[in-house]
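Undergrad: Predicted model and sequence below, questions to follow.
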Amino acid sequence: QVQLVESGGGLVQPGGSLRLSCAASGRVFSINEPAWYRQAPGKERELVAGITLGTTTNYADSVKGRFTISRDNTKNTIYLQMNSLKPEDTAVYYCNARSIVRVTGSTAFNVWGQGTLVTVSS
């Protein structure tokens, strides 16, 4: 069974930084179109950043210039570097993959992690 496991959330002061990690467990061959989403209290889940076509990155306007999504294929891990954090960045952050191909050749679609809480507050 393939799972995505996020880590790195926590409490940080405004202006601070955090790096979130999303590791795929199980026998993974590739992670396709990974992305980070977030959901603030009382709000809908929104796309924060994603990687498409292998290397093309896209970001929500609210995080452009502050957040960076990256990946390490050797570790089957996706990262979200978050700088200049603001109180409005407070949310549960979720990792998602459009599909994950196992070494057996089978594919899991629309895989979600359990989420990690980021709180930006003084």
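TA: Structure's in. What do you need?

Undergrad: all contacts plus neighbour counts: C-alpha atoms, from now on.
TA: OK.

Undergrad: show me what contacts the residue positioned nearest the centre of the chain?
TA: For the chain, the residue nearest the mean C-alpha position is Trp36 (3.2 Å; Cα atoms, centre = their mean). Shown in contact with Trp36 (Cα atoms under 8 Å, 6 or more residues apart in numbering): Leu47, Val48, Ala49, Gly50, Leu80, Tyr93, Tyr94, Cys95, Asn96.

Undergrad: can you tell me which of the residues you listed are in strands?
TA: Leu47, Val48, Ala49, Gly50, Leu80, Tyr93, Tyr94, Cys95, Asn96 (DSSP state E).

Undergrad: Give me the distance between the residue of the chain positioned farthest from its centre and Gly26.
TA: Ranked by distance from the centre of the chain (Cα atoms, centre = their mean), the top residue is Thr104, with 25.0 Å. Separation of Thr104 from Gly26 (Cα to Cα, to the nearest Å) stands at 11 Å.

Undergrad: can you check Ser17 too?
TA: Taking Cα to Cα, one finds Ser17 at 30 Å from Gly26.

Undergrad: before we move on, back to that, got the contact list for the residue farthest from the centre of the chain?
TA: Arg27.

Undergrad: quick one, strands of this protein?
TA: 3-7, 10-12, 18-25, 28-39, 46-52, 56-59, 67-72, 77-82, 91-102, 107-112, 116-120.

Undergrad: contacting residues around the fifth one?
TA: Read that as strand 46-52. Here strand 46-52 has contacts from 32-39, 57-60, 63, 68-70, using Cα under 8 Å, 6+ apart.

Undergrad: Give me the ChimeraX select line for those, limited to the buried ones.
TA: Selecting only the buried entries of the contacts of strand 46-52 in ChimeraX, with 16 or more other Cα atoms under 10 Å as the criterion:
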select :32,33,34,35,36,37,38,39,57,58,59,63,68,69,70
